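1. Would you be able to build a 3D model of this:
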Amino acid sequence: MIFAIALAAAGFLGLGFVAQQHAAYREPLGRMLHPSLLLDLVRRPLWLGGLAAMLCGQILGAVALSGADVAKVEPLLATNLVFALVIGRIVCKEYLSWNEWLGGVLASGGVAMFLVLGRPHGELPVEPTSARWLAAGAVALVAVVLVRAGWGSSLQVKAMLLASAAGMLFGVQDALTRGLLLRLEHGLSAIAASWQPYALVIVAICGLLLAQSAFDAAPLRVSLPAATAAEPLTGIALGVVVFSERLRLSAGALAGEITGLAMMVGGIVILGRSPYLVKRANDAPDPET
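-> Residues are numbered from 1 along each chain as shown. The predicted model follows:
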């Protein structure tokens, strides 16, 4: 049941990403990384519909995280790229190429291999005051470095770096969500008195702004693969470091886990290399939608 819920979450996320990218790509490049980008997008019905689908995906993802370890759920959520590609192809009425099918099979097969061989288990609740949460802060710092590195780069590189930073923040968001769910037994007052719910809101908003900025810079095939790869890898790493989740570490299992993750990332990269149009700096925003 958890797997089905996580896959449903990935489907809604893929739908949301497609709708949001189509709306954000029409925005002028000068609004990247500026709050006015979000203020403009909230007036677009297509983007709001995408946001609603994304929220459904996030809620279903939270349900999945309430019943399973982060390292189990994150790889399943990563299949949102496959859903996004299929939905995008249906909307554009185009056929999937062999490379895109190969990318989808590798991404999905990598997820399955990691889950079967890794068998993530043994999660432990973590107090908000634990030093282990510094790992989440370190991830956020790396995201800032990626944003800064992409500032003077080409649009394609900037989109991939911004999307990678967004994916890392989404991974932090998933870890914070799981941490809050594990503390529900202490009551809402205890949760409200901690730093985690407020950090969750800030991380979610920053991740959303980075993702929309990446969508503004380049088409979905350029911007989404990096985010899709960064989120599960970040979530798995935080699951191990923060929540003490354990993976099977025998030689055969470890080799299979690494191979599965490599297949997942490789499939995402192949999907991201589909033909695309380059957005020019003088592209005008579409007043419609």
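
2. drop to CA atoms for contacts and neighbour counts, all remaining ones
-> OK.

3. Pull the residues that contact stretch 233-241.
-> 69-71, 74, 123, 132, 135-136, 139, 167-168, 171-172, 174-175, 245-246 (Cα atoms under 8 Å, 6 or more residues apart in numbering).

4. Tell me where the model's unsure across this structure.
-> Within the chain, the segments meeting pLDDT under 70 span 70-71, 92-96, 123, 271-289.

5. that older thread, out of the contacts of stretch 233-241, name the ones that lie in strands.
-> The strands, defined by DSSP state E, take in nothing from the contacts of stretch 233-241.

6. how much space between Val222 and Gly109?
-> 22 Å (Cα to Cα, to the nearest Å).

7. And Glu127, by the same measure?
-> Taken as Cα to Cα, the span from Glu127 to Gly109 is 35 Å.

8. what do you get for Phe3?
-> Counting by Cα to Cα - Phe3 and Gly109 are separated by 15 Å.

9. So for those two, which sits in the more crowded spot?
-> Between Phe3 and Gly109, counted using other Cα atoms under 10 Å, Gly109 has the larger neighbour count: 17 against 14.

10. Kindly format the C-alpha coordinates of the strand or helix carrying the more buried one as CSV.
-> Assigned by DSSP states H and E, Gly109 belongs to helix 98-118. Below are the C-alpha coordinates for helix 98-118, written out as CSV (Å, rounded to 0.1, in the frame of the first residue of the first chain):
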residue,chain,number,x,y,z
TRP,A,98,13.8,4.8,-27.9
ASN,A,99,16.2,6.9,-25.7
GLU,A,100,13.3,8.2,-23.6
TRP,A,101,11.9,4.6,-23.1
LEU,A,102,15.5,3.5,-22.2
GLY,A,103,15.7,6.3,-19.7
GLY,A,104,12.4,5.5,-18.2
VAL,A,105,13.2,1.8,-17.8
LEU,A,106,16.6,2.6,-16.3
ALA,A,107,15.1,5.1,-13.8
SER,A,108,12.3,2.7,-12.8
GLY,A,109,14.5,-0.4,-12.7
GLY,A,110,17.1,1.4,-10.7
VAL,A,111,14.5,2.3,-8.1
ALA,A,112,13.3,-1.3,-7.9
MET,A,113,16.8,-2.7,-7.6
PHE,A,114,17.8,-0.3,-4.8
LEU,A,115,14.6,-1.1,-2.8
VAL,A,116,14.9,-4.9,-3.3
LEU,A,117,18.6,-5.1,-2.5
GLY,A,118,19.0,-2.3,0.0
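
11. in the one helix or strand Gly207 maps to, what counts as buried?
-> If you go by DSSP H and E, Gly207 is part of helix 196-217. Residues 196-197, 200, 203-204, 206-217 are the ones in helix 196-217 that count as buried (16 or more other Cα atoms under 10 Å).

12. swap in stretch 80-100?
-> By neighbour count on 16+ other Cα under 10 Å, the buried set for stretch 80-100 is Asn80, Leu81, Val82, Phe83, Ala84, Leu85, Val86, Ile87, Gly88, Glu100.

13. between these, which is nearest Gly152?
-> Distance to Gly152 across the buried residues of stretch 80-100 (Cα to Cα) is lowest for Leu81, with 27.2 Å.

14. Leaving out chain neighbours, which residue sits closest to the closest one?
-> Nearest residue to Leu81, sequence neighbours excluded (Cα to Cα, 6 or more residues apart in numbering): Gly14, at 6.0 Å.

15. And the helix or strand hosting the one you found, how far out from the chain middle?
-> Using DSSP H and E, Gly14 falls within helix 2-24. Mean-position distance between helix 2-24 and its chain equals 10 Å (Cα atoms, centre = their mean, to the nearest Å).

16. show me the residues around the residue nearest to Leu81 that make contact.
-> Shown in contact with Gly14 (Cα under 8 Å, 6+ apart): Met54, Asn80, Leu81, Val82, Phe83, Ala84, Leu85, Ile87.

17. circling back: out of the contacts of stretch 233-241, which are buried?
-> Listed as buried from the contacts of stretch 233-241 are 69-71, 74, 123, 132, 136, 139, 167-168, 171-172, 174-175, 245-246; burial here means 16+ other Cα under 10 Å.

18. Around Ala9, how many other residues sit close by?
-> By other Cα under 10 Å, 28 other residues sit near Ala9.

19. Ok, Arg148 next?
-> Other residues within reach of Arg148, judged by other Cα under 10 Å, total 14.

20. where along the stretch 101-250 of the chain do the helices fall?
-> Taking DSSP state H, counting those that start in this stretch as the criterion, the stretch 101-250 of the chain contains helices spanning 134-149, 155-182, 188-192, 196-217, 220-241.

21. For the third one, could you pull out the residues that count as buried?
-> To tie it back to what came earlier, the one meant is helix 188-192. Ile191.
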